[in-house]
Structures are given as C-alpha cells and as structure tokens.
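Q: Build me a model:
(4 chains)
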Protein chains: 4
Amino acid sequence: MMRFGLLGAGRIGRIHGLNVAARPDTALVAVADASADAAGSLAAATGAMAATAEDILADRAIDAVLVCTPTDTHADLIEQAVSAGKAVFCEKPVDLAAERIRRCLEIVARSGRPLMIGFNRRFDPNFAALEARLRRGEIGAVEMVSVISRDPSPPPVDYVRRSGGLFRDMMIHDFDMARFLLTEEPVEVFAMGAALVDPAIGEAGDVDTAAVVMRTAGGRIAQISNSRRASYGYDQRIEVHGAGGMLRAGNIHETTVESATGAGFRADPVQNFFLERYAAAYRAELDAFVTAVRDGTPPRPSGQDGLKAQMLADAATESWRTGKPVAITAEKT
Amino acid sequence: MMRFGLLGAGRIGRIHGLNVAARPDTALVAVADASADAAGSLAAATGAMAATAEDILADRAIDAVLVCTPTDTHADLIEQAVSAGKAVFCEKPVDLAAERIRRCLEIVARSGRPLMIGFNRRFDPNFAALEARLRRGEIGAVEMVSVISRDPSPPPVDYVRRSGGLFRDMMIHDFDMARFLLTEEPVEVFAMGAALVDPAIGEAGDVDTAAVVMRTAGGRIAQISNSRRASYGYDQRIEVHGAGGMLRAGNIHETTVESATGAGFRADPVQNFFLERYAAAYRAELDAFVTAVRDGTPPRPSGQDGLKAQMLADAATESWRTGKPVAITAEKT
Amino acid sequence: MMRFGLLGAGRIGRIHGLNVAARPDTALVAVADASADAAGSLAAATGAMAATAEDILADRAIDAVLVCTPTDTHADLIEQAVSAGKAVFCEKPVDLAAERIRRCLEIVARSGRPLMIGFNRRFDPNFAALEARLRRGEIGAVEMVSVISRDPSPPPVDYVRRSGGLFRDMMIHDFDMARFLLTEEPVEVFAMGAALVDPAIGEAGDVDTAAVVMRTAGGRIAQISNSRRASYGYDQRIEVHGAGGMLRAGNIHETTVESATGAGFRADPVQNFFLERYAAAYRAELDAFVTAVRDGTPPRPSGQDGLKAQMLADAATESWRTGKPVAITAEKT
Amino acid sequence: MMRFGLLGAGRIGRIHGLNVAARPDTALVAVADASADAAGSLAAATGAMAATAEDILADRAIDAVLVCTPTDTHADLIEQAVSAGKAVFCEKPVDLAAERIRRCLEIVARSGRPLMIGFNRRFDPNFAALEARLRRGEIGAVEMVSVISRDPSPPPVDYVRRSGGLFRDMMIHDFDMARFLLTEEPVEVFAMGAALVDPAIGEAGDVDTAAVVMRTAGGRIAQISNSRRASYGYDQRIEVHGAGGMLRAGNIHETTVESATGAGFRADPVQNFFLERYAAAYRAELDAFVTAVRDGTPPRPSGQDGLKAQMLADAATESWRTGKPVAITAEKT
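A: As a prediction, the model looks like this:
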C-alpha cells in the first residue's frame, strides 16, 4: 500500500486525490489546502485527514506527495518533498521560469527521489495508443506532427494575467505532446498569435489564437495551433505523417447518436470539459507514477520533460514578441 | 464500332442513349419514342436519327437494341429484337408476370442472342467493389445480407397504381442485390408492409414501407427494408455479415464539407437523385453489355436473373397479402 | 442512505454490487452467493457482510434487493423479497415461462412493492439519448426500427442448452429495445434462424444467426438481426426511420486512433465486452432504480416490460419452430 | 457558341480541351502543341484542327485561348493573345518571377481583355461549398485557416530542378486557397522545410516537406503543410476555424466500402490522382470562365490573384532560405 499526501485540493487536486483513494494499492492519508473547506470535504469523501503541508512533508508514513497547489509554490514544495524523502508527482509546470526549474531539478537529482510531471495527455488512451503504434514503426519515420488544441471557452482575464501567457499556460501541453511524438528535440521555434476571441486578452498582453512551427535538427516539423474558444466542444487532435502513412487521434463525441434529416447528418458536439475528456488519462497517469515508484524506474514525463516543454513555451513567447524565430540551443538543455 | 438502336427515349432511355453516344466504340444510330419530341431531341444531341421501332428492328446495320419503353411492351420487344438478330439490353423488369417472362426467355434462348437485364445497382462502383471483395473471401462465408433502400419521395399515386406494387417496382432491385450477394437462391420469403408515408398509396392497394426476410436452403438470411420517402436523400446501403467479419457500402454525401458548431457536427445530405447516385453504374452497366456482346460471353444480369428477382417480388407480394411465408419452389425456377 | 442486499455475486451481480457500494447515497450491506468465495470476495471489496439469501430477506434494515442469481430462481426470490417488503431489482428475465412471470407479477402487484427489470440497454447513454430525441419528435412518427446485435463469440454449447434459446437469451434485449422505440406494441412476429456459426448449437436445438420482423397494429415495423459471433467486436446498433428522418446510434471504437496507409484507412475494432460497452448503462440503470424507489414512482422497465419482452421471445421461438408468423393477442398481455 | 483555341496539349491541356469540346455552348476549333502527335490526337478526338500557336492567335474566329504550355511561355502567350483580342485562360503560374507577372498584367489591363488563372481548387465542389458557407457567415469571422496538401508521390528530380521549388510549384495552390478563405491579405510569411522524402530533392536545392504560417494585418492566421508523398492517396484538406465554429472539407475515398474484421474497420485509400480528384473542379472552372467572358464580368481567379499567390510563394521560398519571416509589403501588391 503506497501512502499519499495531497498538497492542494482544488479542481485537479481533487481528481488525483479521488483516484488515489479509489485504487486498491494506494491510500490517500492526508490532504492540505489553503481552504479548510476544500481540504475537509475531500478528506471526508476519501477517509483521509485534513492536515497542513508541513505535517504532510514531516510524516514519515507518507511515501508520496501530489503537488497540486498554485504554480508559484511548485518548485519550493518539490524541493521540500524530495528532501523529506518523498516521491513527488507535480502538476505542470514546475515553474514559469526555466532557470528556477533547473535549480529545482538539481535538488531533485541530488535527492535521488523520483519526480513525475503531470502532462496528462500522454496518458490519454487514444494519444497513448497512437504513440505506441508510432514506436512500433507502423508509419515509419516521423516527418510532420500536427497538434490542434482548442478550449471550449476562454478563461477570465484575471486568470490570463497571471497565467504566463497562452504559450506557457495552454500550449505547453502541445509542446510536450510534440516532443513526445517527434522523437527528436526541436531546435527552432516560430510563433504567431493574436487576440481574436476577446480583445481584453490582448489588452492583458496575451493572445487567444496562436500557431507555432518548430523543427528538429533532422528536419522534422511540428505544427501547433491553439484557440481559447471552440463552439463545438473541447477540441484535441493530433496527426502524425510519416514515411509510410499517417496516424491520427481525435475527439470523443458526447454520444454516438447521429440524425439524418433534410438539413443533413448531425453528430453530437465533442466532450466539452477537460476533466471528462481526460478522466481515463488521469487514472492512467497515476498508475504510471505508482508503477514507476514501486519498480524504482524513472517516472516519465520527467522533470527534464517539464523543463524542455517550458523552454519551448518560453521560446514561442519570445518569438511571438520579437517576430523572429528562436533557436533552442544545445547548452540550454 | 457497335451500332445501337434505342427504343424509348424517356428519362432512363436518354441516359443509356447518351452513354452509348459518348463511348468511342459504340454509336447510337437510331432513336424511337412514342413522343416525336423525345426521340428528336435525343437524336439531335447524339447525331442519331429519329425512327420507328419497326425501322430499328428491321435495320440490319443495327447490332444491339436498348429496350427502355414502358414495362408492358418489354417482353414483346425483346422477342422481336432477338428474332431480328439483335443483342438486347432491357430495363428491368422483363414483365410483371413471371409466366410471361418465362415464355419470353424461351424465345430468347432459341434465338441464341444475348439478353441483359438492367439491374444497374450491381454496377455501382461501391456495391461492385463490395461484391468483388466478398467473392475473394475477405469475410468468409456469407451469413446475413441486409439491404436498405429509401427513395427521397413517393411517386404519384397514379404511378403506384400501375407499378405492380412496391415489391415489384422498388424492392425488385433489392431482391436482385440480395441474390447477387447471398450466392445461394432464396427458398422462402416473408413480407410485412404498410402505407405510413401516404394513405393514398394504401387506398391504391399498395404499401410504402416494407420489410422482407428471406432464407436460402443453406440457412443464409437476407433482410430488406424499403421506404418510399427519406428526408435526407436517396438512401441505398448494403451490409453483409460473414464468418470472418462484415462488409458494407453506403451513400455518397453531396459534398465532403462538415461543420462543427454548438449544435454539433453536420455533414451534407446524401445524393438525392438516382440518376446522380447511379451515373457511374449506368456507364459500367453499358460497358459490361458491350464487352459481353463483343466477347460472346453471356451477359449478366441475365434474363434468368430478371425472372428470379421477379419471382421473389411476386412471393413477397403474396406473403404481404396473405400474411404467410411463401416458398420459392425448385420447379418454379 | 438506501441499504441493499445482493443475491448472486457472479459476473453481473458483482457489477451491480460495486456500483451500489460506489454511490454516496446507497450502501451494500450484505451479499449472498452459492459460492462462499464469490460472496466473500465481493463483501471484502465493498465492506458488506457475506450472508445467506434468507438472512438478507429477513433483515429489516435492508431496503432493496438485487436479484442476480440463476434465472430459474428469479421468480421465487422476487416473490419472497416483495413479500418481505423489499424493493426489488431483478436481472432479466423474470422467468423463461410467461405463465410463471404472470403469477409472479400478480404477487408483486399485491405487495405494492416496486420491481424493476434489468434491461440495461435502455440506459446506455447513446441509446437513451436516441430515445429521448425520438420522444421530442425530432424525426416525427416512427415507421421502421432496426436493431442489430452481434456478440463477439458464441457461448459454450452447455450454456446454450439451458439458455432457453437465442430468442429468449440474446434477442430478448432487442425485443425490449424494439418495444422501447416503437411506442406501440407488436402484434405479430415472424422469425428465421439457422446455426451457421457453430453446428453444435444447431445440434443442441438452437440457432446462432437469426432475423425477426414484427409489426404493430398501426403498421410500424421492427427488424432485428442477431449473430452469436462478430470478429470485429461487440456490435450493438439501432436505427429508427421516421416521417422526418432517421436517428441511429452505434458502437464505440476502442480508441479514436485512425491510420492511413497504402492499405487504406483503419480504425480500431469496437469495444469487445458487454461489461465495458455497457458500464455506464449499469450505473445509470441503478440510478434510475434508486430514484424511482426513493420518489415512490414506478420503476421502468417494469415487470410488465419483462413479461412483454418474454412473450415476444416466446412468439419468435414458436415462429422459428413452426415457420409461421405468430400473433401476440391482446388477451395475452 | 464560344470558339476556343488550345495552346499546349499535354496532360492538363488535354483535360481542358476535352471539357471545351463536351460543352454544348463551346467548341474547340484548334489545337497547337510542340508535339504534332499530341496536337493531332486531341484534334482527332474533338473534331478540332491541329494548328500552330501563330495560326490560333491570328484566327479572328477564335474567341478564347487556353494557355497550357510550359510555364516559361505563359507570360508571352498571354500578352500575344490579349493583344490579338482573345479572352485568355492560363494555367498557373503566369510566371515564376513576380516582376514578369506584373509587366504581363499591365499589358492585359491595357488590352481590356479578360484573363483567368487556373487555380482549379477553388472550383472543387467541396472547397467551393465550404467557401460559400463561410461567406454566408455560417461560422462567423475567420480566425484560423489550415490547409494540408500531400501528393501521392514525388516528381522526378529533373522536374524538381526546373519547378521553381516546392513553394512555387506545389504550395502555390495552397497559398491561393488560403487567400481565398482568409478574406484578408497575408502580410507576413514564415516557412520551414526539409528533404525528408527523397535526399535527391534536397541535393537539387529543394524541399519535399514543408510548413508555412502566415498572418494578415487583422491577426488571422493560416497554416499550410505540404508533403510530396502520401502512401494513402492524394491528400487535400482544408479547415477553417471561426468565431462560431469550424468548417472543413476533405478527401474522397475510392469507394464507400468499409470492412470490419478482427483487425478493425477499414476504408479505402483516398482518390490517388489529381485529374480524378479534381475532374469536377476542371469542369466548373471552365464554366466560370465561359460565364465571365460571356457576361463581361471579370473572371476570378484574376491575374492579380495569380500575382499575389506567386508573391506568397516567393516570400515562403525566401523565408525558408534565410530562416527569417518575410513581410509582404503593401507597395509590392
């Protein structure tokens, strides 16, 4: 039985906490949150106790810590947790500053404790199956990776202001997915973006519509496009073109019902909410963490994966601001 | 150059006439129609001459005759044409009475001239490809054949009255398709039907909605369902389930455009008109006729195919009227 | 908190027991099974106690009973449970003999206790959504209902022998679905069937491939086709054609991944196992039962629904044996 | 009757010539080609006479000229033809040098004669329907246009060498399509490319795999990706995301047949050949030209459309060579 403490019982923390409680081989023993209500309600639902972060980190009986607090606390909590001997699962990103991530990862490395970063999409059964078939060589060498992500609706401008911007807040998932599929590191990034959905997002210094192209040293290309709004649901698609063909994976419609009338054939919108769309991914992600910790293998996505996605997001942000392509230099990684 | 005379320049005769004129290896030399306008306009468009049926049958320079006149003239014209030494392509059906068809086929047999019946759907590229893959054993032995046919809208009641009824007028195509795919002859037919689309069709003694089940001696089953009306286009689908899997072929949407909005994903209606849906089938059907005549091989669908489909339509009509299953006895065929 | 006892902890009983235990407003308090291991393992997993059926029926603190035992015990247990004041959820069928079902339903009626029959497919989110849209009039009056059910692979012949035959064991779900969608009672049934998948099934006096047509007094038609084997997964489809168009609902592929190579475009097989395909349906079914019991409304599908589906299955069996259509007379219902 | 002369009877010239001959309101009167065989065979098939370009341009009875000769002759022939009073349809591009196109268009403008450029994809029924629905506001303001084009297989390296490069030879169609859909002119272009399909293409100084992003002054973004090879057919897709949803149009499978086996569901490859995929587009394109000439309205795509697509192709080529984004300045247009 692996014993977990949860730091942060917000929307995503609650998901992970419930998933830990639902497994036969893991237990959620303690929950900490700045809101006593949030911690208490999740504790009551799972049989855990409400506690402080300090208590959790100090509790020798706790094997693993889930870091689901606000982004600006991630790096500190990771450092404290690995120093306390815990295995750590941390929601993305480690930090908005690559330099801070690097320092944190050094401490993690010295601790010898495992750290996994929560890029949940790698664990979506559809995307994971696509990647596995790619690895098996089903379409030969990868040539072009295309990722489309569109959120159902834009976040509040207040959130936008402290989010680090679309490239770091939203597209970071797509940077990770592109790296996951390219099998070579991108060496150059070029970004375009605009505030077409909500002018207030533009006034806040951010974009809500963006496209990025990247290339690897071997010439492979990735295209990413993002929108903060899609009327027809939460749009999440990937397509990989290779020497032998194409693999793609897409959205899940709310039902399989189709109507046919004089207006044509109509299918449902796609699932609208990321917690619904990625419910299976969150369970599989936890399973991968538990397995890696138990087997003593390095969990993936690693802290380095978190750093590299952040560097791509930083580069895209810089490219968008300067209007120039940005190189990802070898010494940076 | 194979020289054709056309008897009947109505909607379907015009299609065949234009297709003959468009081929480099066939010529439409004469067109006969009760309406001098219909004959004249098609003759003008193709370089053929307007003529009488008698002239066409008597013209030694004409190799082949297309019979596209009203149903009640088919058998007589076939007999006259083969007796005059012509190869004959006749639109379905040979006659509404199986006994008349039998007599006609005896005369055809004695003449030694080729006769092909216009079951165009066998030549639809989709259905033909399905059948070819079935023959190659892609899904093993056939177990269940399902055919769905829905017309865009019901014919005028006047037409219904002299049509021979839905089973002979509309479902006859599906009987031929079921035979084509079952690869064994049906030995029993059961039919249900009702006038749900238009009560006037019921008052005229016919149905507009019907379902048939048939079985072969080997236990294979075919299901057919028909409706005289479909709001979303001309619905023509077949599905074959076999020991190793399923093959199906379906409709063609008007365009490949798909929209996605808050109301869901929307595709176009399917092609709405049989001349559009089966345009390629009519060309392929003519090609099969020309090839068979030139090569001296028996054209398919044969007169016997026409007779057997008619017997199934007769049996279904009887089953619907009596409420009992009807056997197709071996001596009948 | 509604307190449940479970009678029968086999494959389907286990599903229902776990679903009861997972809800915040229901508790699984006791589990009985002829196999002490089965009862004990589920009790351990859910915090229930292992008990005998007699204990459960005698326990005043138990509000509701789930009957998931072998079919031949259903009617007795329903009678005992309602007589003991329990609300009862019983897996289909109540009994293989319609007469026995009638007697049982009389006792249920006199008890005033609620009885719900486990026709789970009504609760499949796709089929339920289709039915709701049908009720809202999206395609007007129903004209033709088509149901296709194909199991991934045939059951052992031993199971077949005591199953009551394909029409009662497998197609009964489709009879319920057809009734659910037709909105009128079938008045006549005609069946064809054969043992094409496994000759041993034929030797056991049953079929593995079958087609049924039914009609209602108003002329609406239902077509059902069944196969005990489908190489490509568990195939469960419904299509309803109405005055204004068509509604259909289908299968769920294992993933959304699609490949494109020189061999064409390839999508995954459909979900292969009924517990996976209908997992959401089982949860929704339990929810409907809990809600009905709590609100004092009659649960649906009712015992009468169970009886009527059984009568259609009996009629289909008779039709297949005699080769004649079988009327469902009003006095029988 | 509009009388046409055809300059160039190669693959594409032959298509246009046959389409002219097949219309009731146009006649192909003369065909010129450097190869007497090519000219003669098309002349024989259409009833036209073989002639020289000079004869055709001098023939007062010829109303319109189709320019389907090698690219380096287009501008000269356009100038001569409009100066001779002909209406001109010219295959893309007018020239590989924007400056030459500008000079040519000035002469065309002074002549007052109509010139249409053969960007056939605008006339594909699917893409045209998408564009019409976009214009009707079905998804609101355009935000992101995505175009995917993949050829079935790369051209010979000899062709590549004199093609002007992928951006001018292949992607030019996509630049035109992007302009057609964006409804604002791109002001900046960034390109990445590599020779991943065939190293010999790289040695010839070109790429076979490329991605471009462009933006308009209003912030709208277009993404284009190209590959010179696709194992699964000729892949031609567009997707437009707007304020109110998405519109997309795609490929046409060879047939509608689908199989389902243990290996999954399989559909045909998509149509493999541009003359097949765009057969309807070529007919519609000719129709648009004939209509515009007859009605005296300016044909579209115009010479300016040809120039602007060429400028985008030039900018993409420069961007790929320099690694920098390239602005499309207002004075250039």
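
Q: Close to chain B: what parts of the stretch 151-300 of chain A are there?
A: Within the stretch 151-300 of chain A, the positions near chain B by Cβ under 8 Å from any Cβ of the partner chain are A:230-233, A:253, A:260-269. In short, each C-beta sits where N, CA and C put it, glycine included.

Q: What is the nearest of those to D:A64?
A: Of all those, A:G264 has the smallest distance to D:A64: 38.2 Å, by Cβ to Cβ.

Q: can you count the residues close to that closest one?
A: Using other Cβ atoms under 10 Å in any protein chain shown, A:G264 has 21 neighbouring residues.

Q: Distance check, it against B:P269.
A: Distance of A:G264 to B:P269, computed by Cβ to Cβ, to the nearest Å: 5 Å.

Q: Tell me which of the residues of the stretch 151-300 of chain A next to chain B fall in helices.
A: When DSSP state H defines the helices, the subset of those inside them is empty.

Q: Keep these, but drop any that are not near chain D.
A: By Cβ under 8 Å from any Cβ, the members of those lying near chain D are A:A230, A:S231, A:Y232.

Q: Neighbour count added to the residues you listed, as JSON lines?
A: Below are those laid out as JSON lines (neighbours: other Cβ atoms under 10 Å in any protein chain shown):
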{"residue": "A:A230", "neighbour count": "26"}
{"residue": "A:S231", "neighbour count": "21"}
{"residue": "A:Y232", "neighbour count": "26"}
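
Q: Check which residues of the longest helix along chain A are buried.
A: Identified as the longest helix of chain A according to DSSP H is helix A:303-322. Within helix A:303-322, the residues scored as buried using 16 or more other Cβ atoms under 10 Å in any protein chain shown are A:303-317, A:319-320.

Q: That helix packs against which elements?
A: Of the remaining helices and strands, those touching helix A:303-322 by 3 or more Cβ pairs under 8 Å, 6 or more residues apart in numbering or on different chains; DSSP states H and E are helix A:98-111, strand A:115-118, helix A:166-169, helix A:172-182, strand A:186-194, strand A:209-216, strand A:326-327.

Q: how far off helix A:98-111 does that helix point, in degrees?
A: For helix A:303-322 against helix A:98-111, the angle by axes from the mean of the first three to the mean of the last three Cα atoms, to 10 degrees is 170 degrees.

Q: Please write out the alpha-carbon positions of helix A:303-322 in CSV.
A: What follows is helix A:303-322, C-alpha atoms only, in CSV (Å, rounded to 0.1, in the frame of the first residue of the first chain):
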residue,chain,number,x,y,z
GLY,A,303,11.5,16.9,-14.6
GLN,A,304,13.6,17.3,-17.7
ASP,A,305,10.5,16.8,-19.8
GLY,A,306,8.9,19.6,-17.8
LEU,A,307,11.9,21.8,-18.3
LYS,A,308,12.1,21.2,-22.0
ALA,A,309,8.4,21.9,-22.6
GLN,A,310,8.9,25.1,-20.6
MET,A,311,11.8,26.2,-22.8
LEU,A,312,9.7,25.7,-25.9
ALA,A,313,7.0,27.8,-24.4
ASP,A,314,9.5,30.4,-23.4
ALA,A,315,10.9,30.4,-26.9
ALA,A,316,7.5,30.6,-28.5
THR,A,317,6.6,33.6,-26.3
GLU,A,318,9.8,35.3,-27.3
SER,A,319,9.2,34.5,-30.9
TRP,A,320,5.7,36.0,-30.8
ARG,A,321,7.0,39.1,-29.0
THR,A,322,10.0,39.7,-31.3
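
Q: mean confidence for it?
A: Across helix A:303-322, the average pLDDT comes to 97.

Q: before we move on, what about stretch A:22-40?
A: On average, the pLDDT along stretch A:22-40 is 96.

Q: Check stretch A:245-260 too.
A: Per-residue pLDDT over stretch A:245-260 has a mean of 96.

Q: By mean pLDDT, flag the weakest helix or strand of chain A.
A: Lowest by mean pLDDT, DSSP states H and E among the helices and strands of chain A is helix A:274-277, with a mean of 86.

Q: What are the contacting residues of that one?
A: A:R11, A:I15, A:D124, A:Y234, A:Q236, A:N251, A:I252, A:V270, A:Q271, A:Y282 (Cβ atoms under 8 Å, 6 or more residues apart in numbering or on different chains).

Q: rerun at 7 Å
A: Contacts of helix A:274-277 from elsewhere in the structure, counted by Cβ atoms under 7 Å, 6 or more residues apart in numbering or on different chains, are A:I15, A:Y234, A:Q236, A:I252, A:Q271.

Q: Stretch A:228-238 close to chain C?
A: No - shown here: stretch A:228-238 not in contact with chain C (Cβ under 7 Å from any Cβ of the partner chain), separated by at least 9.0 Å.

Q: Can I get that stretch in PDB, CA atoms only?
A: C-alpha atoms of stretch A:228-238 as PDB (Å, rounded to 0.1, in the frame of the first residue of the first chain):
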ATOM      1  CA  ARG A 228      -9.100  29.700 -26.400                       C
ATOM      2  CA  ARG A 229     -12.600  29.100 -27.800                       C
ATOM      3  CA  ALA A 230     -14.400  26.300 -29.700                       C
ATOM      4  CA  SER A 231     -18.100  26.400 -30.000                       C
ATOM      5  CA  TYR A 232     -18.400  22.600 -30.600                       C
ATOM      6  CA  GLY A 233     -16.500  21.300 -27.600                       C
ATOM      7  CA  TYR A 234     -13.000  20.700 -26.300                       C
ATOM      8  CA  ASP A 235     -11.100  20.100 -29.500                       C
ATOM      9  CA  GLN A 236      -7.900  18.000 -29.000                       C
ATOM     10  CA  ARG A 237      -6.400  16.300 -32.100                       C
ATOM     11  CA  ILE A 238      -3.100  15.000 -33.200                       C
END
